[in-house]
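Colleague: this one's sequence-less:
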């Protein structure tokens, strides 16, 4: 968006490669990007912590937590 001669950032700023890869992952899993992001946000709100959700994911990703 442009206000006068100044550009104003609107929306999220995400690296193109990351966004494209995430879109492809969502497509393979038959999930809309918005749905995936909303579920992540809901998990963070339920846990009342973004870092906790990411830490649990990272530990599981690294094989430290089993399902």
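Modeller: Yep, it's here. Note that the coordinates shown come from a computational prediction; the quantities given were computed from them, not determined experimentally. Numbers count the residues shown, from 1 in each chain.

Colleague: Mind checking which residue lies nearest the centre of the chain?
Modeller: When the chain is reduced to its mean C-alpha position, the closest residue under CA atoms, centre = their mean turns out to be residue 37, at 5.1 Å.

Colleague: residues contacting residue 50?
Modeller: Taking CB atoms under 8 Å, 6 or more residues apart in numbering as the criterion, residue 50 is in contact with residue 44. For the C-beta atoms, the positions are set from N, CA and C on the backbone; glycine is no exception.

Colleague: Now do it against residue 43, distance only.
Modeller: Between residue 50 and residue 43 the computed distance is 9 Å (CB to CB, to the nearest Å).

Colleague: Quick one: classify the residue nearest to the centre of the chain as helix, strand or coil.
Modeller: Classification of residue 37 by DSSP: H, G, I helix; E, B strand; the rest coil places it in helix.

Colleague: what about this protein, any weak spots by pLDDT?
Modeller: For the chain, the stretches flagged by pLDDT under 70 are 1-3, 64-67.

Colleague: Start from the N-terminal end of it and give the strands.
Modeller: The residue ranges that make up the strands of the chain, judged by DSSP state E, are 2-3, 6-7.

Colleague: partner strands of the last one, parallel or antiparallel?
Modeller: So that's strand 6-7. With DSSP bridges as the test, strand 6-7 is paired with strand 2-3 (antiparallel).

Colleague: residues near residue 24, how many?
Modeller: Residue crowding around residue 24 was assessed by other CB atoms under 10 Å; the count is 10.

Colleague: do the same with the one 10 residues further on
Modeller: One way to gauge burial is a neighbour count; for residue 34, by other CB under 10 Å, it gives 9.
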